[in-house]
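J.: could you look at this predicted model? Sequence included:
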Amino acid sequence: MLHKLATCPAPLVPVPPEFEPVPVKPVFFDLAFNHITFPPRPKAAESSGITGFVRGLLWGAGSQSKG
């Protein structure tokens, strides 16, 4: 039995596996970014969400009049 184990190749994979570099994102996104024109965002979308809420709490609403 030991003789058979020593002569047969083991069908195992190396642990840990070999590292292989993987690109983060395709190159065409980087090349196309300068040529894409996005539609303007509406005013309501700029201050919506949690960021607008926190900004309003910390610095006050920008549309309030001083007086």
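T.: Perfect, thanks for sending it.
J.: which stretches of the protein have low pLDDT?
T.: For the chain, the stretches flagged by pLDDT under 70 are 1-6, 8, 10, 25-33, 44-50, 52, 59-67.
J.: please identify which helix or strand holds Leu58.
T.: Using DSSP states H and E, Leu58 falls within helix 49-59.
J.: ok, now Leu12?
T.: With DSSP H and E as the test, Leu12 turns up in no helix or strand.
J.: give me the number of residues near it?
T.: 6 (other CB atoms under 10 Å). In this view, the C-beta of every residue, glycine as well, is placed from N, C-alpha and C.
J.: Pro42 versus that one, what's the distance?
T.: Distance of Leu12 to Pro42, given as CB to CB, to the nearest Å: 59 Å.
J.: try Glu18
T.: Glu18 sits 50 Å away from Pro42, going by CB to CB.
J.: repeat that for Pro17.
T.: As judged by CB to CB, Pro17 and Pro42 stand 49 Å apart.
J.: which ones are touching Val24?
T.: By CB atoms under 8 Å, 6 or more residues apart in numbering, Val24 lies in contact with nothing.
J.: what about it, which helix or strand?
T.: Residue-wise, Val24 maps onto no helix or strand under DSSP H and E.
J.: gap between it and Ile36?
T.: Distance of Val24 to Ile36, given as CB to CB: 19 Å.
J.: then Leu58?
T.: 33 Å.
J.: now swap in Val54 and tell me
T.: Distance, Val54 to Ile36, by CB to CB: 29 Å.
J.: comparing the two, which residue is more hemmed in?
T.: Here Val54 and Ile36 are set side by side on neighbour count (other CB under 10 Å), and the busier one is Val54, at 10 against 7.
J.: now do the contacts for that one.
T.: No contacts exist for Val54 under CB under 8 Å, 6+ apart.
J.: which SS class is Glu38?
T.: Quick fix: residue 38 is Phe, not Glu. Here Phe38 is coil, with the state taken from DSSP: H, G, I helix; E, B strand; the rest coil.
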